[in-house]
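Peer 1: no sequence for this one, just the structure:
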Ligand SMILES: C[S@@+](CC[C@H](N)C(=O)[O-])C[C@H]1O[C@@H](n2cnc3c(N)ncnc32)[C@H](O)[C@@H]1O
Ligand code: SF4
Ligand code: SF4
């Protein structure tokens, strides 16, 4: 999850005359000018790991149990630190469900208003169950990009994957409210829907892909990471190691064929996002609800802890953590990749899923274990 940047722009191998797929919007007229040489361009922030759903794949293992996360004052302080380092994009990934934070939609009190005041653009991740018309209009007025959820168009499948009976109807209502408020109608769109590829929704993916494209929604479809609750439910969610690369390849190629023939878009299929490249390692850091600083959501290697909550005494400034030699190695990721990723001919657009590498080997720079490109036979087929 999180941080997919549509791969359209930096892909020299796109077919001549074809369009890259639309990116979801990542800044507004109000956003400060980005400095590419600054230590941070964006930050992903958890608020707390409390949630009203219980997704079978949730890396954060979020539950309904009340949990103490970052306070509103701590969130503002982290935004201040990020802005001082150059961040222009604040991605509120929730940790649990972002809209459970009471203040988030309250004008003046909201961290979204605070980030906007500091010249930042906001992306909010939500499961959509708490989005009504008023909330959708509020988010639209702030020019926020929303990444919602759509695990299946079939209520029974979606309810089972998100672990709560009746949730699917609420998700669909929330998505409809966001569409009605106009988030999918802007160019580029401000509505994406995230869907992780599981055994139970695999066959339905082409239908969901068309459903989103036809409505102007950016599909954020991805291979799940083996982390948190996904590990507990691995048998039901993941293909076995031997079949996984081919299953993902087949699906990515089918979705590419749909994009080419029905929507006129072209992109290069590679893990972990369909039609997108992960770019987080060049510019982002991820802060958990306990103030741990990680490279991304699912690589739970802690590079340092901020001075929040229980870490007041031992915590460090964000600047010290993201400019440490260890963290800077992540920024130069291409120089450290191993195995098939090291010499890959798609390095201009892909560095593999670092979380997949991390959870398989304990080495964040190892090759992506589910990638199909390292297989000579498929390399040949791709270039034909
Ligand atoms: C942890 S959720 C928090 C925000 C909100 N509750 C939601 O689900 O959209 C953030 C994002 O991570 C995605 N996600 C959760 N577990 C994942 C996993 N194991 N692999 C990939 N993405 C995952 C969710 O689908 C969601 O888009
Ligand atoms: S993925 Fe999001 S909606 Fe699902 S349990 Fe985790 S935090 Fe809640
Ligand atoms: S081998 Fe690694 S870098 Fe190359 S396409 Fe696969 S995951 Fe991406």
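Peer 2: Here it is on my side, so go on. Nothing here was measured: the structure is a model prediction, and the numbers come from that model. Numbers count the residues shown, from 1 in each chain. Ligands and ions are numbered 1, 2, ... in the order given.
Peer 1: which residue does the stretch 51-200 of the chain bring closest to ligand 3?
Peer 2: Closest residue of the stretch 51-200 of the chain to ligand 3, CB to the nearest ligand atom: residue 197 (15.6 Å). Placement of C-beta: from N, CA and C, glycine included.
Peer 1: in space, what's closest to that residue - neighbours in sequence excluded?
Peer 2: Using CB to CB, 6 or more residues apart in numbering and skipping the chain neighbours, the partner closest in space to residue 197 is residue 223 (5.7 Å).
Peer 1: now the strands for the stretch 251-384 of the chain?
Peer 2: Remark: strands assigned in the stretch 251-384 of the chain by DSSP state E, counting those that start in this stretch are 276-278, 284-287, 292-294, 304-305.
Peer 1: looking at these, which is nearest to ligand 2?
Peer 2: Ligand 2 lies closest to strand 284-287 among the strands of the stretch 251-384 of the chain, at 14.4 Å (CB to the nearest ligand atom).
Peer 1: on that earlier part again, can you pull the contacts of the residue nearest to residue 197?
Peer 2: Residues counted as contacts of residue 223 (CB atoms under 8 Å, 6 or more residues apart in numbering) are 196-197, 248, 271-273, 353, 356, 370.
Peer 1: PyMOL command to pick out the buried ones of the residues you listed?
Peer 2: Remark: buried members of these, expressed as a PyMOL selection using 16 or more other CB atoms under 10 Å:
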select buried, resi 196+197+248+271+272+273+353+356+370
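Peer 1: just the contacts of residue 223: which are in helices?
Peer 2: Secondary structure from DSSP state H places 248, 356 of the contacts of residue 223 in helices.
Peer 1: which of the contacts of residue 223 come close to ligand 1?
Peer 2: Restricting the contacts of residue 223 to those near ligand 1 by CB under 6 Å from any ligand atom leaves residue 196.
Peer 1: among the contacts of residue 223, which one sits closest to ligand 2?
Peer 2: Checking the contacts of residue 223 against ligand 2 by CB to the nearest ligand atom gives residue 196 as the nearest, at 8.7 Å.
Peer 1: tell me who's in contact with the closest one.
Peer 2: 1, 57, 151, 221-224, 237 are the contacts of residue 196 under CB under 8 Å, 6+ apart.
Peer 1: quick revisit: pretty sure the residue of the stretch 51-200 of the chain closest to ligand 3 contacts residue 219?
Peer 2: No: counting by CB atoms under 8 Å, residue 197 does not reach residue 219; the two are 11.3 Å apart.
Peer 1: picking up where we left off before, OK, contacts around the residue of the stretch 51-200 of the chain closest to ligand 3?
Peer 2: Contact analysis of residue 197 by CB under 8 Å, 6+ apart lists 205, 221-224, 248, 251.
Peer 1: quick one: stretch 47-59 near ligand 2?
Peer 2: Yes: using CB under 6 Å from any ligand atom, we find that stretch 47-59 touches ligand 2 at 51, 53-55, 58.
Peer 1: where do the helices sit along the stretch 201-350 of the chain?
Peer 2: 205-214, 229-232, 234-237, 244-258, 280-283, 318-322, 325-331, 339-342 (DSSP state H, counting those that start in this stretch).
Peer 1: distance to ligand 3 and mean pLDDT for those helices - can I get that in CSV?
Peer 2: Putting these into CSV (distance: least, CB to the nearest ligand atom, whole Å; pLDDT from 0 to 100) gives the following:
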stretch, distance to ligand 3, mean pLDDT
helix 205-214, 20, 98
helix 229-232, 19, 98
helix 234-237, 20, 96
helix 244-258, 9, 97
helix 280-283, 12, 96
helix 318-322, 24, 98
helix 325-331, 15, 97
helix 339-342, 3, 95
